[in-house]
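Chemist: here you go, sequence then predicted model.
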Amino acid sequence: QQQVRQSPQSLTVWEGETAILNCSYENSAFDYFPWYQQFPGEGPALLISILSVSNKKEDGRFTIFFNKREKKLSLHIADSQPGDSATYFCAASGGSNYKLTFGKGTLLTVTP
Amino acid sequence: EAAVTQSPRSKVAVTGGKVTLSCHQTNNHDYMYWYRQDTGHGLRLIHYSYVADSTEKGDIPDGYKASRPSQENFSLILELASLSQTAVYFCASSDWGGYAEQFFGPGTRLTVL
């Protein structure tokens, strides 16, 4: 049972473009949604997160858009740089289950 | 200086053998986690702990045991390693559950032959 789904599996954009990574979830009790960034050979690291009381969260070039009614969120990476090339995981937790549930990830490649 | 370290960084084990993966954190965090990562599956929680001398089952605990002898140390034990347990294993820590940021170690690549 995949409670957190990500699309696309992989995405290639040109340097300077906006990359859009999508995430959806099934459990209505989820109210916390972090995005983790992972470079090859390293562990994931928190990039940005949002609580369900908000519909937008910005941190520099990274923005989360959240739609509670549709149970969807997206990560927008503006002015993409080659250094942003990594795998991005959407995760969720909330309610009585405080454990993080991760999606399968989106592999982003930014071409110079 | 890395706050979550794992050892070994890679290991080759034989089927049926015992494997112990170790994790050490200097974050002074109460919560520690073990995840496995497989291509196409993302990260899946195996075991976690919120206090020393106590462990809890995660989403895929079968075939794994965990030990938390102190706040700083958390081990994952494969009593009888199997081919299906070939994966990259990550340890993480957080100062509380729920909305707290999890800090991950660099991972251990385990190959079972």
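Modeler: Yep, that arrived. Quick caveat: nothing in here was measured; it's all calculated off a predicted structure. Numbers count the residues shown, from 1 in each chain, chains lettered A, B, ... in the order given.

Chemist: only C-alpha atoms for contact and neighbour calcs from this point on.
Modeler: OK.

Chemist: tell me where the chain is predicted with low confidence.
Modeler: I went with chain A, as the question did not name one. Counting by pLDDT under 70, chain A has low-confidence residues at A:1-2, A:95-97.

Chemist: you looked at the wrong chain, it should be chain B
Modeler: B:1-2.

Chemist: which ones are touching the residue positioned nearest the centre of it?
Modeler: In chain B, the C-alpha nearest the mean C-alpha coordinate belongs to B:W34, at 2.9 Å (CA atoms, centre = their mean). For B:W34, the contacting residues are B:45-48, B:76, B:89-92, by CA atoms under 8 Å, 6 or more residues apart in numbering or on different chains.

Chemist: neighbour-wise, which one of those residues leads?
Modeler: B:C91 (31 neighbours; other CA atoms under 10 Å in any protein chain shown).

Chemist: next, that one: phi, psi?
Modeler: phi -100, psi 150 (degrees, to the nearest 10).

Chemist: separation between it and chain A?
Modeler: 9 Å (CA to the nearest CA, to the nearest Å).

Chemist: in space, what's closest to that residue - neighbours in sequence excluded?
Modeler: Nearest non-adjacent residue to B:C91, counting by CA to CA, 6 or more residues apart in numbering or on different chains: B:W34, 4.6 Å away.

Chemist: one more: B:L83?
Modeler: With CA to CA, 6+ apart, the residue lying closest to B:L83 is B:V112, at 5.2 Å.

Chemist: the one you found touches B:L80, doesn't it?
Modeler: No. In this structure, B:V112 is not within contact of B:L80 by CA atoms under 8 Å, at 10.5 Å.

Chemist: what sits in contact with each of the two?
Modeler: B:T15.

Chemist: contacts made by the longest strand seen in chain A with the rest, please.
Modeler: Scanning chain A for the strand with the most residues, using DSSP state E, yields strand A:86-94. Identification of contacts with strand A:86-94 by CA under 8 Å, 6+ apart yields A:4, A:6, A:23, A:29-40, A:99-109, B:42, B:98-99.

Chemist: and with 6 Å instead?
Modeler: A:29-39, A:99-103, A:105-108 (CA atoms under 6 Å, 6 or more residues apart in numbering or on different chains).

Chemist: filter those down to just the ones in helices.
Modeler: Using DSSP state H, no member of the contacts of strand A:86-94 sits in helices.
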